[in-house]
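A.B. asks: need coordinates for the following:
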Amino acid sequence: MTDAMPTAEDSNKTFAGPLVRLTGLCVSFGRQEVLRDITLDISRGETVAIIGESGCGKTVLLKTIIGLIRPTKGEVYFDGRNMCSLSEREQTRQRARFGFVFQGAALFDSMTVAQNVAFPLRQHTSKSQEEVRQIVLARLAEVGLPEDIVAKRPAELSGGMRKRVGLARALALEPEIILYDEPTTGLDPIMADVINELIISTRKRHPVTSVVVTHDMRTAQKVADRIVMLYPLARLEPDQPQILYDGPPEDIHRAADPRVVQFVRGEARERIMELREQYQRSDALL
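C.D. replies: Numbering: from 1, shown residues only. Here you go, the predicted model:
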């Protein structure tokens with residue numbers, strides 16, 4: 001890595017390096033290690049899909065990028081600035097440059113659709129009521145939702161509609177980067193593809209960088225410029241890297257690591273054999 005990281009005095013300058021840089025990133029919760037020695041660059045305008053089995057640390061990685069989880073070791077740089085070295089106030093200011101689409105949409109049940117989408121605008125800007133209203137309607141239209149939805153509450157919406165409202169809210173502040181946490185989970189194939197198309201169209205309409213955490217290979221291969229696959233640390237030796245694949249979607253079927261190919265194809269044979277061996281070992285101890 002050759003790009004020098006700028007200091008706080010350089011914050012008004014345009015940083016020429018990657019928008020996100022992770023160096024030697026480790027995250028542990030007590031004695032449980034979730035991420036180990038993750039080094040990763042994400043370029044401006046790039047869409048990166050993070051894939052892997054449940055429990056491999058995909059969502060933890062996403063929350064560490066935005067600063068919701070502090071790394072146990074290593075650094076997280078956003079636009080050239082070390083997020084871990086910033087004050088809480090400055091971290092909050094930097095987070096306003098992110099949009100986050102939560103797995104379950106994470107809408108406020110007590111608020112209407114309009115109030116949910118307007119929430120970041122109320123929190124981070126001094127725009128007038130009319131300006132906020134116009135932005136809310138524009139963002140809802142952008143994700144294919146009609147104006148008559150604004151007075152509804154999340155409980156009145158389908159799962160796909162809630163996901164789209166969540167995306168509209170993430171777009172409200174015109175973020176530089178959008179983080180998607182399992183954007184198609186729980187949706188039928190048609191609605192999942194609607195969300196995939198919205199991720200693509202959002203990138204075309206806005207100069208945005210996207211990080212998509214997903215276990216859905218259809219989503220990863222359709223929306224991403226690049227796929228990164230993580231593997232659960234519990235199934236790795238201490239000297240084995242956690243990133244098994246980092247490359248273009250079209251090459252992942254030909255990955256040299258058989259664990260990558262098995263995941264892409266959804267082949268469970270090797271995993272079932274591992275589970276049987278674990279069961280036999282635990283049974284022998286009883």
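A.B. asks: just the strands in this structure please.
C.D. replies: 20-29, 32-42, 47-51, 73-78, 81-82, 98-101, 177-181, 209-213, 226-230, 243-247 (DSSP state E).
A.B. asks: now the ones you listed as JSON lines including distance to Glu156, mean pLDDT and mean neighbour count?
C.D. replies: (C-beta placed from N, C-alpha, C; glycine too.) As requested, the strands of the chain are exported to JSON lines (distance: least, CB to CB, whole Å; pLDDT from 0 to 100; neighbours: other CB atoms under 10 Å):
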{"stretch": "strand 20-29", "distance to Glu156": "36", "mean pLDDT": "96", "mean neighbour count": "18"}
{"stretch": "strand 32-42", "distance to Glu156": "36", "mean pLDDT": "96", "mean neighbour count": "18"}
{"stretch": "strand 47-51", "distance to Glu156": "32", "mean pLDDT": "97", "mean neighbour count": "25"}
{"stretch": "strand 73-78", "distance to Glu156": "36", "mean pLDDT": "96", "mean neighbour count": "19"}
{"stretch": "strand 81-82", "distance to Glu156": "41", "mean pLDDT": "93", "mean neighbour count": "18"}
{"stretch": "strand 98-101", "distance to Glu156": "20", "mean pLDDT": "92", "mean neighbour count": "24"}
{"stretch": "strand 177-181", "distance to Glu156": "23", "mean pLDDT": "95", "mean neighbour count": "24"}
{"stretch": "strand 209-213", "distance to Glu156": "28", "mean pLDDT": "96", "mean neighbour count": "25"}
{"stretch": "strand 226-230", "distance to Glu156": "36", "mean pLDDT": "97", "mean neighbour count": "23"}
{"stretch": "strand 243-247", "distance to Glu156": "41", "mean pLDDT": "97", "mean neighbour count": "17"}
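A.B. asks: of those, which is nearest Ile149?
C.D. replies: strand 98-101 (17.7 Å; CB to CB).
A.B. asks: and the closest one, what other elements does it pack with?
C.D. replies: For strand 98-101, the elements it packs on are helix 159-171, strand 177-181, judged by 3 or more CB pairs under 8 Å, 6 or more residues apart in numbering; DSSP states H and E.
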